[in-house]
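S.K.: got a predicted structure plus its sequence, pasted below:
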Amino acid sequence: MLTLRESEVGKTYKVKKIHGEGSLKRRVMDMGITKNAELFIRKVAPLGDPVQISLRGYELTLRKEDSSLVEIEPID
């Protein structure tokens, strides 16, 4: 299982699943991260927190704990 937290800068991924429950999962989905959405990894801070992604035409920055909930797969 590959998560957004383990992604590589400059690559595009597709969201497979969002883990977590209740308001935490809802908050991630409200940011536009939903199943089958495509994400482009823009930057990762030196210590890995936060991760900046391009998604649905806008930039989004996620903390480590939120990015570890998003299961992804690489797009070739």
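M.R.: Ah, there it is. Residues are numbered from 1 along each chain as shown.

S.K.: show me what contacts residue 71?
M.R.: Taking Cβ atoms under 8 Å, 6 or more residues apart in numbering, we find residue 71 in contact with 1-3, 15-19. C-beta here means a position set from N, CA and C on the backbone, and glycine is covered the same way.

S.K.: if we go to 7 Å?
M.R.: Contact analysis of residue 71 by Cβ atoms under 7 Å, 6 or more residues apart in numbering lists 1-3, 16-17, 19.

S.K.: helix, strand, or coil at it?
M.R.: Secondary structure, DSSP: H, G, I helix; E, B strand; the rest coil: residue 71 is strand.

S.K.: partners of it in the sheet?
M.R.: The partner list for residue 71 in beta bridges (DSSP bridges) reads residue 3, residue 17.

S.K.: restrict the helix-or-strand element of the chain with minimal mean pLDDT to CA atoms and write it as PDB.
M.R.: When each helix and strand of the chain is scored by mean pLDDT, DSSP states H and E, helix 64-67 comes last, with a mean of 84. What follows is helix 64-67, C-alpha atoms only, in PDB (Å, rounded to 0.1, in the frame of the first residue of the first chain):
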ATOM      1  CA  LYS A  64       1.900  14.200   7.400                       C
ATOM      2  CA  GLU A  65      -1.000  12.800   9.400                       C
ATOM      3  CA  ASP A  66      -3.600  13.700   6.700                       C
ATOM      4  CA  SER A  67      -1.400  12.500   3.800                       C
END
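
S.K.: and that helix, what's buried?
M.R.: By 16 or more other Cβ atoms under 10 Å, the buried positions in helix 64-67 come out as 66-67.

S.K.: quick one: contacts of that helix?
M.R.: By Cβ under 7 Å, 6+ apart, the surrounding residues in contact with helix 64-67 are 3-5, 28, 48-49, 51.

S.K.: ok, which stretches of the protein are helices?
M.R.: All helices of the chain, identified by DSSP state H, fall at 22-30, 64-67.

S.K.: can you put those in a markdown table and add distance to residue 58?
M.R.: Shown next, in a markdown table, are the helices of the chain (distance: least, Cβ to Cβ, whole Å):
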| stretch | distance to residue 58 |
| --- | --- |
| helix 22-30 | 13 |
| helix 64-67 | 16 |
